[in-house]
Every structure is written in structure tokens, then in C-alpha cells.
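Q: Need coordinates for the following:
(one chain, ligands or ions: 1)
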Amino acid sequence: MSDLSYLSPTATSPWHTYLSQVDRVVPYLGHLARWVETLKRPKRALIVDVPIEMDDGTVRHFEGFRVQHNLSRGPGKGGVRYHPDVTLEEVMALAAWMTVKCAGVGLPFGGAKGGIRVDPKQLSLKELERMTRRYTSEIGIIIGPQRDIPAPDVNTNAQIMAWMMDTYSVNTGATATGVVTGKPIHLGGSLGRVKATGRGVFVTGREAARRIGLNLDGARVAVQGMGNVGSAAAELFVQAGATLVAVQDHTGTLVNPKGFDMADTAAVLKRDHGIGNYADAGRIDNEDFWDVDCDILIPAALEGQITPARAQRIQARLVLEGANGPTLPEADDVLKDRGILVVPDVICNAGGVTVSYFEWVQDFSSFFWSEDEINVRLDKIMVDALKHIWDTADRHQITLRTATFAVACERILTAREERGLYP
Ligand code: NAD
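A: Below is the predicted model of the structure:
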């Protein structure tokens, strides 16, 4: 699958999943297929050592990464993840999915991603700041407002983006708000950014539900991962009349067929950073989350969650991929055979990068839009993109995932071809 000497991907690794998805789109690329190898290797991958002094005076070293998968259509764009399981290979896959996602919704960006192999919950706030600043300084040689623009991902947030922006600005001698997105509002952040990914999941879910005749009013929703993405999506579905019947996060799996109270859920998440202590719900075994009775399932945690075995158990009619890479390719086939519609990550969770694009544009013009303007523009971009992808899927009789790859890869490889090879 991969002839890159520095990798040994396993059958369930995110990079392997990504390569399988690319292989599936080749028959639909026509003459552009000659360029497909471009998509199977990152343009640039930087591994950095991140040494910091801990509060107790000892020194620790963390592994950091920034991968620019493809820059044919514009500067790199993609989040930064802090997680103990981060690897170069995972960051490569996440960067590649960003390439596809940005092209799929028509944003003028390439794909990039970064990460540090760390459990940030074990660090004090000061240690977190020192690690973030040192990492930013190390990757400073390849990022920049016109080169590669990081953003939040798992376990990173607006405060971390503020430190990144400040570090880059200090190092380059000028305040550069456009170097990262997902910043605090008063530092050049955009209204609507925090909930944008969840909003995009809702918008694509609403459109998909309408097309398959699933009424959101009364629909039962199950969510894995109640972080930035999952909680915002859940809230919007409940506002639309749906019932949140099951939640799983790193603290456990809870069910309540009558529905979670969203105000109580938000309060528990704010207090505990996990759903585990929510009172008005029954606790079930984590593995039993996969056959909870529901209409819509939203994986919004980590990749590789929907295995073929779990795909056999899923009861939902609609799977909305809030997370990146939550479904293994063989599980995709199982879901398709069982008639369960998957709105894939590369379009479903593109709301975040779309509002990041708005933030970047606003930073350049130093003119900021209202939240209503942001949400209306986001809605339109997502609806139009999904319609184009849906038509492509209908035309070729392929899944929405392969259709998104077809639309995106045509744009990326056309740019590749038109730019030509240098020298
Ligand atoms: P987050 O850190 O805010 O939340 C992650 C959630 O996942 C938490 O609720 C955590 O408890 C849960 N989780 C972690 N490990 C778990 C496990 N083993 N089982 C069940 N739940 C677990 O992260 P986020 O920003 O919401 O990102 C979630 C997913 O969405 C990731 O795949 C990310 O790449 C993707 N995504 C995020 C954005 C964004 O704007 N933040 C944009 C596009 C895609």
C-alpha cells in the first residue's frame, strides 16, 4: 500500500485507511489518474524535538510533528492535536484528509496537520504554555499566514492558538494574527468558530436526513465524544427537535432513551471535562454503545472507531462523521451493504475549516463579520458542497465518501497538472 521507507502502516492505521480511500477513487479520475501518486505521499513532514523545563525543575522531551500533505491549491491548513497516541503516520493521514476536505468544499487551501505526543492533562498550565511555545518556535520555519495555518484539534483550544500566534509574532517581529485560526475573538478570532465544526455536522446531517426522509423532529441521536465537535452538534440537533439518547466519551458510556437535558449536560462537561458524572442516565458497557437504538450516530472522538464488527451492530440510518477517519474502509462496505448512509468526515466536519477560512480572510482585511453573516455563509457553502457531492455520488453510483474524494481529487490534481512539475 505504501512504499514510503519511513512508514510501516498496519491494516487499521489512519494512513492505511486514507490510502485505501484514494485507491477507491482512481477509477473516477480519468486522465488525472497519472498524478495520483502525488496524493499518496506528504509534500513535507517535519519532526521536531520539544524540550521543556517542568515545574519541578526536570527536563522532558516531547515528539512534535507538522506535516504539509499537499499545497497545490494554496497554503497548508489543519489543526494541532495534543494526544499521547499521536504518531507521524497519524498526522500524515490527518493532513491528507485536510487536503481532501479543503478541496471538497472549494477552499483555497492545501492540507496540513500537526501534533505533539503528550497527555496534556498531565501538564500544568505553565508547562502547557512552554510546550506550545517551543513547538511553535520549532515549526516556525514552515508555518506562516501565507504558508501553513494551524488551528485547534483534539485537546487544543483558543488559548493554545493565542500562545502560538504570540510566539510566531515575537519570532518574526510583527503581530501576525493570520498565522493560526481558532483564536480568541479579541485577538483576531472569528465569531462562530468554536461551534463551526459541530454546526457543519448539523447542516450536512440536516440535508442528508431530508434526502432520506428522516424527520429530525423526534429523531434519536447518539454521540461519541462530547468535546468541541460532538457537544455543538448534539446541541443543534436537540434544538431541531431531536433527542440525545446516548453519549460516550473517555469517562464512559451513558444512555437515556428519554433524552439528555442539554443544560445539565453542558454544566457537567464544563465542571468535569467528561460526561461520566451526569446523573439522569444509565451507564452501559463501552462496547454496547455500538448497538444503542438510535436514528443518527455521530462519531466525534478519534479515528478507527467503526470497525467492521461494530458496523454490523449499528442501528442508526445515518452516520455523521464529526471525527476524522472514524470508519475503517471495510466497515464502510458493511455500512453500505446494510443501507446505512455515511456522511464522511471530509465533508461532514468541514464546517470548522470553512469558518477558519473566514477567520483568515477577516484577519487579512481587518474587517470582522457578524455571527449571523458567518453562519449564513457557512450554511450555504456546506449545502452547496454536499449537493455537488451528492450529485456526483448519484451519477457514478458511489458512496458519498468516494464522491467527495472524486470531487476533491479532481480539483487538487487539476491544480497539480496546471502548475506543472518543477523543474
Ligand atoms: P476535543 O478534545 O474537544 O474532544 C474530544 C472528545 O473525544 C472528548 O469528549 C473526549 O472525552 C472524547 N474521547 C477521547 N477519547 C475517547 C475514547 N477513547 N472513547 C470515546 N470518547 C473519547 O476534540 P474535538 O476538537 O471535538 O475533535 C474531535 C474529533 O473531531 C477529532 O477527530 C478531530 O480531528 C475532529 N475535528 C475537529 C475539528 C475542530 O474544529 N475541533 C474540526 C474537524 C474535525
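Q: contacts and neighbour counts: CA atoms only from here.
A: Fine.
Q: residues contacting the residue nearest to Leu7 when sequence neighbours are not counted?
A: Counting by Cα to Cα, 6 or more residues apart in numbering, Leu7 lies nearest to Glu89, which is 7.1 Å off, once chain neighbours are set aside. By Cα atoms under 8 Å, 6 or more residues apart in numbering, Glu89 lies in contact with 7, 9, 13-15.
Q: got a winner among those residues for most neighbours?
A: When neighbours are counted by other Cα atoms under 10 Å, Trp15 leads the contacts of Glu89 with 29 neighbours.
Q: how near is Pro108 to the ligand?
A: Separation of Pro108 from the ligand (Cα to the nearest ligand atom, to the nearest Å) stands at 17 Å.
Q: wait, Cys409 sits on Lys101?
A: No: judged on Cα atoms under 8 Å, Cys409 makes no contact with Lys101 at a distance of 9.9 Å.
Q: list the helices and strands the strand or helix carrying Leu378 packs on?
A: Of the helices and strands defined by DSSP states H and E, Leu378 is found in helix 371-396. Applying 3 or more Cα pairs under 8 Å, 6 or more residues apart in numbering; DSSP states H and E, we find helix 371-396 packed against helix 196-212, helix 345-348, helix 351-365, helix 400-419.
Q: what comes into contact with the shortest one?
A: What it means is helix 345-348. For helix 345-348, the external contacting residues (Cα under 8 Å, 6+ apart) are 97-98, 100-101, 104-105, 200-201, 204-205, 320-325, 382, 385-386, 401, 404.
Q: now with 7 Å?
A: Residues from elsewhere that reach helix 345-348 (Cα atoms under 7 Å, 6 or more residues apart in numbering): 97, 100-101, 104, 200-201, 204, 320-325.
Q: Same check on the third one?
A: Residues lying outside helix 351-365 but in contact with it, judged by Cα under 7 Å, 6+ apart, are 177-178, 181-182, 188-190, 193, 196-197, 199-200, 368, 378.
Q: now the first one
A: Contacts to helix 196-212, defined as Cα under 7 Å, 6+ apart, come from residues 215, 229-230, 232-233, 236-237, 320, 322, 348-352, 355, 379, 382-383, 386.
Q: restrict the residues you listed to those near the ligand?
A: With Cα under 6 Å from any ligand atom as the criterion, the contacts of helix 196-212 include 229-230, 322, 349, 352 near the ligand.
Q: most neighbours, which of these?
A: Gly322 (33 neighbours).
Q: Next up, phi/psi of it, please.
A: Here is the backbone geometry of Gly322 (degrees, to the nearest 10): phi -70, psi -40.
Q: if we can go back for a sec, anything in the host helix or strand of the residue nearest to Leu7 near the ligand?
A: If you go by DSSP H and E, Glu89 is part of helix 88-104. No: residues of helix 88-104 are not located near the ligand by Cα under 6 Å from any ligand atom, the shortest gap being 7.4 Å.
Q: got the angle between that helix and helix 400-419?
A: Relative orientation of helix 88-104 and helix 400-419, computed by axes from the mean of the first three to the mean of the last three Cα atoms, to 10 degrees: 80 degrees.
Q: Name the next helix or strand following helix 88-104 along the chain.
A: Downstream of helix 88-104, the first helix or strand assigned by DSSP H and E is strand 111-117.
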